[in-house]
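1. structural data only, the sequence is not supplied:
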């Protein structure tokens, strides 16, 4: 059984690392394939409007910009990744961490499934709130946006698994 401090540290490292893997994927798409991704500055703008009671925008790009919105947006992006990792790491005193060594294929499947399931948040909450419509329905090419979002969240799931393996290796080196 893992201590809560150990589980929280694993959640932090795995979540931040998986989010970084997702960001590297987005960088690859942008630089190599010329496929742009969402600006996390817009996420920061969305969050910055929340204390004013504004949770939905007709078009987020047309709303008032806030000082520090980029830092806020990137911070929220990484915080969400860490929270998602908590859904994987924290239940049952970190049993998923044990599956990495005992049942790696099962652990991979669980991480990938979680990554893909997290697509519900952008489809049903973020994209509509930013003015892009339900599941990016207002984007110029909604199907392209949906597939990219689904693939990106799948990459996040792969990142969860990879970072879980790296975390386990780092633990053995430290002990």
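-> Okay, I see it. These figures come from a predicted structure and were not determined experimentally.
2. contacts only, for the most centrally placed residue in the chain.
-> Centroid check for the chain by CA atoms, centre = their mean gives residue 81 as the closest residue, at 4.0 Å. Residue 81 sits next to 15, 16, 18, 19, 22, 156 when contact means CB atoms under 8 Å, 6 or more residues apart in numbering. In short, each C-beta sits where N, CA and C put it, glycine included.
3. same thing with residue 72?
-> 43, 44, 47, 48, 66.
4. among the residues you listed, which lie within helices?
-> Among the contacts of residue 72, DSSP state H puts 43, 44, 47, 48 in helices.
5. relative to residue 157, how far out is the last one?
-> What that stands for is residue 48. 29 Å (CB to CB, to the nearest Å).
6. between these two, who's got more neighbours?
-> The residue with more neighbours, out of residue 48 and residue 157, is residue 157; 26 against 20, by other CB atoms under 10 Å.
7. could you list the low-pLDDT ranges of this structure?
-> Where the chain drops to pLDDT under 70, the residues are 1.
8. burial of residue 163, as a residue count?
-> The number of residues packed near residue 163 is 22, by other CB under 10 Å.
9. quick check on residue 118: phi, psi?
-> phi -70, psi -10 (degrees, to the nearest 10).
10. residue 63 now?
-> Residue 63 adopts backbone torsions of phi -90, psi 170, taken as degrees, to the nearest 10.
11. secondary structure class for the nearest residue to it once chain neighbours are set aside?
-> The shortest distance from residue 63 to any residue other than its chain neighbours is 5.3 Å, reached at residue 57 (CB to CB, 6 or more residues apart in numbering). Secondary structure assignment for residue 57 (DSSP: H, G, I helix; E, B strand; the rest coil): coil.
12. burial check on residue 104, number of neighbours?
-> Residues near residue 104, counting by other CB under 10 Å, number 13.
13. quick one: contacts for it?
-> residue 165.
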